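1. next input, structure requested:
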Amino acid sequence: MNRYLVSSISVIALALAACTSGTTDLDRAEPRALPTRAPILTSDDPVADVVDQVLPSVVNVKRDGGEGTGFIVREDGIIVTNFHVVEGASELTVFTSDEDPEEFDARVIGGDIQADLAVLDVDAEGLPAVPLGDSDELRLGEQVVALGYALGLEGGPSVTSGIVSSLSRRITVPDRGCTECPNGQRVYTDVIQTDAAINPGNSGGPLVDMAGNVIGINSAGTSAAENIGFAIQINSVTPTITQAAEEPGEPVAFMGIGSTDASDPNFRFQYGTPVEEGAGIVNVVPGGPADQAGVELGDVVVSFSGESIPDSEALGEAIRSHEPGDRVEFEVVRSTGERVTLSVELGVNPAAIA
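-> Residues are numbered from 1 along each chain as shown. This next block holds a predicted model:
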């Protein structure tokens, strides 16, 4: 497929992790089961043992403009992360934590925007999956370990350990990118507070108990105080994860453009467009369907598949009315006034949640 913020005590302004397509085969012969919960380990070096156990399941999720962390929950490529890690992405790529990382195109197959949860799928088999634990069994003071790609540093994921400081925090995080969050604020309820450091880039990574079971999803840390991090309780999102894995959402068509109304004064001033109706192109994803079709910045799409396009919203609706793989002809007006008919093969929207 990088995002940050600051907090206060009443409305904690937190640093959300800097956040990061591919077509996958959704037809699975039979339902797959998530891994069973593991027992608590007894060892002279329990944190290191937990890391050895969990690390292979931790992945780096990269998107255009940012990155975060995820973790594999099913060996056939089901991965969990935060929604804000993938929100608005035109491309999603997952890298394993191996010394020589494997790379996979990914797409969102389900999740919950309000809960800041996204479930991804990559076309793979035999991946190391981590079991989901029971956050209802957590106790204050219990030791936990957080894993993730903090700060986007090279050299693989980082590890921090600490204890459970609280189990019932309610925090509010400014998130202008969340179009469905009231007043541009994301609210997390009954989250786990831990003194294990959670830094930008950790978002979407696992918070695990000393058996290596995921009991939380790292979501936010505060720069206003030390040793305060927050994670979504895994029990609150396990049903959504299971449903998305068993009933993945259908692929959504994707053209790889950003548009605005052609009547927008700023657009007309910048590109000198001679028409006022249509969808003005302000961004073209490199290598995407529109780029390959020959779309240029400043073009105005005035018809799509034979239908008139009056504005940007109409173009989005027209694209989504088709299926990935459909080939569609559309007409654009160039800044010179030239009218050009182009043909595009639509791709898969990596970050669409049905």
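2. where do the helices sit along the protein?
-> Using DSSP state H, the helices of the chain run over residues 46-54, 83-86, 238-246, 265-271, 289-293, 312-320.
3. what sits up against the first one?
-> Counting contacts by C-beta atoms under 8 Å, 6 or more residues apart in numbering, the residues outside helix 46-54 that touch it are 38, 41, 43, 71, 130, 143, 145, 147, 159, 161, 206, 208, 210-212. For every residue, glycine as well, the C-beta is placed using N, CA and C.
4. report pLDDT for the one residue sitting closest to the centre of the chain.
-> Central residue of the chain (C-alpha atoms, centre = their mean): Val86, 2.1 Å from the mean position. With respect to pLDDT, Val86 scores 92.
5. right, and it touches Ala351 too?
-> Yes. Assessed by C-beta atoms under 8 Å, Val86 is found in contact with Ala351 at 4.9 Å.
6. okay, and the common contacts of these two?
-> Listed contacts common to Val86 and Ala351 are Met1, Arg63, Leu92, Val108, Ala118; contacts here mean C-beta under 8 Å, 6+ apart.
7. how long is stretch 74-92 end to end?
-> Stretch 74-92 has an end-to-end distance of 19 Å (C-alpha to C-alpha, to the nearest Å).
8. ditto for stretch 270-280
-> In stretch 270-280, first residue to last residue: 11 Å (C-alpha to C-alpha).
9. cool, stretch 299-313 as well?
-> Using C-alpha to C-alpha, the end-to-end distance of stretch 299-313 comes to 16 Å.
10. that one: which residues count as buried?
-> Asp299, Val300, Val301, Val302, Ser303, Phe304, Ile309, Pro310, Asp311, Ser312 (16 or more other C-beta atoms under 10 Å).
11. from the chain's centroid, how far away is that stretch?
-> Taking the mean of its C-alpha atoms, stretch 299-313 sits 29 Å from the chain's own mean (C-alpha atoms, centre = their mean, to the nearest Å).
12. then stretch 282-295?
-> Offset of stretch 282-295 from its chain centre (C-alpha atoms, centre = their mean): 22 Å.
13. which parts of that stretch are buried?
-> Buried residues in stretch 282-295, counting neighbours by 16+ other C-beta under 10 Å, are found at Val282, Val284, Val285, Gly288, Pro289, Ala290, Asp291, Gln292, Ala293, Val295.
14. pretty sure Pro131 is touching Pro39, no?
-> No. Pro131 is beyond contact range of Pro39, at 10.5 Å (criterion: C-beta under 8 Å).
15. okay, the two: which has more neighbours?
-> Pro131 (18 against 9; other C-beta atoms under 10 Å).
16. ok, now how distant is that one from Pro206?
-> According to C-beta to C-beta, to the nearest Å, Pro131 and Pro206 sit 10 Å apart.
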